[in-house]
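Participant: predicted model and sequence follow; I will ask about them next.
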Amino acid sequence: MCSSKEALRRAAPPDVRALEDLERRSFSGDRLSRRSWRRLIDSPSAIVTIASGSQQQPLAASVLLFRSTASVARLYSIAVDAAARGRGLGQRVLQRCVDDARAYGCDRLRLETRADNHAAQRLFRGLGFREFARKPSYYEDGQAAWRFEKSLLRAGSPCRIRT
């Protein structure tokens, strides 16, 4: 279970290097570049959330994307440090993404995950996501992706980008 020492917060420019390190510890490929992290942190159409431990080191992070012309938000990335797995961090970060997407007026949240990432699929299903499509050869190593979606129970209004 998560401890109260693990706070959720918005990422800031000084977090870029730590976010790169978290991705290296979490993924074998398809990682975000330093330039991409900087752009996402500064973007009004993205929310980068960090779950940090007592040392302020990111233990988990997510990237949530919005478009002003769409009512669908996209979870672009979610990562949990291997050493911090099993403590509920992924669930807390994902729930924050759901809450943020609702707050922006989105009616659905979508994401992709590797077909072989069964732990992530359990997490997504546990929070009410359903699989709705598959994309063959989606990842750089040729692995397929499963697309998931969660209804946020709001109809029709586009996401509101906050500047």
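Facilitator: That came through fine.

Participant: tell me, please, the helix or strand in the protein that averages the lowest pLDDT.
Facilitator: Every helix and strand in the chain was compared by mean pLDDT, DSSP states H and E; the lowest is helix 16-26, with a mean of 87.

Participant: so which bits of it are buried?
Facilitator: For helix 16-26, a neighbour-count test (16 or more other CB atoms under 10 Å) marks 16, 18-20, 22-23, 26 as buried. (Each C-beta comes from the backbone N, C-alpha and C, glycine too.)

Participant: cool, and stretch 74-91?
Facilitator: Going by 16+ other CB under 10 Å, stretch 74-91 has these buried residues: 74-81, 84, 87-91.

Participant: ok, back up a step: which helices and strands sit right next to the least confident helix or strand of the chain?
Facilitator: helix 34-42, strand 58-65, strand 72-80 (3 or more CB pairs under 8 Å, 6 or more residues apart in numbering; DSSP states H and E).

Participant: and the angle for it with strand 72-80?
Facilitator: 80 degrees (axes from the mean of the first three to the mean of the last three CA atoms, to 10 degrees).

Participant: returning to what we had before: now, which of the buried residues of helix 16-26 sits nearest F124?
Facilitator: Minimum distance to F124 across these is 16.1 Å, recorded for S26 (CB to CB).

Participant: just checking, that closest one touches A82?
Facilitator: Yes. S26 is within contact range of A82, at 6.9 Å (criterion: CB atoms under 8 Å).

Participant: need the mean per-residue confidence for the biggest helix by length in the chain.
Facilitator: Secondary structure assigned by DSSP state H gives helix 89-103 as the longest helix of the chain. Regarding helix 89-103, the rounded mean pLDDT is 95.

Participant: for it, packing partners?
Facilitator: strand 7-10, strand 46-52, strand 58-65, strand 72-80, strand 108-114, helix 118-126.

Participant: contact partners of the third one?
Facilitator: Contacts of strand 58-65 with the rest of the structure, by CB atoms under 8 Å, 6 or more residues apart in numbering, involve 6, 11, 15, 18-19, 21-22, 32, 40, 45-53, 73-81, 83-84, 89-90, 92-94, 96-97, 100-101.

Participant: where in the protein is pLDDT low?
Facilitator: Across the chain, residues meeting the criterion (pLDDT under 70) sit at 1-6, 28-29, 54-55, 154-163.

Participant: let's see that with 50 instead.
Facilitator: 1-4, 154 (pLDDT under 50).

Participant: now do the contacts for L127.
Facilitator: Per CB under 8 Å, 6+ apart, neighbours of L127: 91, 94-95, 98, 150.
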